[in-house]
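Engineer: Quick check, what structure comes out for this input:
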Amino acid sequence: MSEKPLRQRLRDALPAAMKARDRLTLAALRATLAAIDNAEAVDRPAITDRNLAIERTPVGVGAAEVERRVLTDAQVEHIVRTEVADRETAADDYEKVGRSDRAEQLRGEAAALSAFLV
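Structural biologist: Numbering: from 1, shown residues only. Next up, the predicted model:
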């Protein structure tokens, strides 16, 4: 039996964090899953509809949809590691300005995400 992909493990942990009312883990999971979703978004070419008159612009459900990017497991892991590093850096910055409460929160979020990287 193979291990679930990182993204799926993050998604599976979301309901458990909600039930446990674990705000740190929940915030970290939501932000990280949003970052993964954003990385899958496809940029719309600038020239797509530039020269179309309003009556020639595609309308309706799915008229302008394109396939989303498919991230590899390594890319998802990189995003999670970046999220952890960003939180640790921000925690250091908060610590420097005397906001140890916020720094502790960010470190907790980083630790929660790091647990998925083992």
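Engineer: any idea how far A41 is from V84?
Structural biologist: 22 Å (CB to CB, to the nearest Å). Backbone N, C-alpha and C define where each C-beta goes, glycine included.
Engineer: These two: who's more crowded?
Structural biologist: Higher neighbour count among A41 and V84: V84, with 20 against 10, using other CB atoms under 10 Å.
Engineer: I'd like the mean pLDDT over the helix or strand hosting the more buried one, please.
Structural biologist: Assigned by DSSP states H and E, V84 belongs to helix 73-96. The average pLDDT within helix 73-96 is 97.
Engineer: Adjust the sequence numbering to begin at 58 for everything that follows.
Structural biologist: Yes, from this point I'll number from 58; that puts the last item at helix 130-153.
Engineer: on contacts alone, who are the packing partners of it?
Structural biologist: Using 3 or more CB pairs under 8 Å, 6 or more residues apart in numbering; DSSP states H and E, the elements in contact with helix 130-153 are helix 63-77, helix 80-97, helix 157-171.
Engineer: what's the distance between it and the middle of its chain?
Structural biologist: 11 Å (CA atoms, centre = their mean, to the nearest Å).
Engineer: got it, and stretch 61-78?
Structural biologist: Taking CA atoms, centre = their mean, one finds the center of stretch 61-78 at 13 Å from the center of the full chain.
Engineer: Kindly present the helices and strands packed on helix 130-153 as JSON lines, with separate columns for distance to D149, mean pLDDT and mean neighbour count.
Structural biologist: Putting the helices and strands packed on helix 130-153 into JSON lines (distance: least, CB to CB, whole Å; pLDDT from 0 to 100; neighbours: other CB atoms under 10 Å) gives the following:
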{"stretch": "helix 63-77", "distance to D149": "24", "mean pLDDT": "96", "mean neighbour count": "14"}
{"stretch": "helix 80-97", "distance to D149": "17", "mean pLDDT": "95", "mean neighbour count": "17"}
{"stretch": "helix 157-171", "distance to D149": "7", "mean pLDDT": "96", "mean neighbour count": "18"}
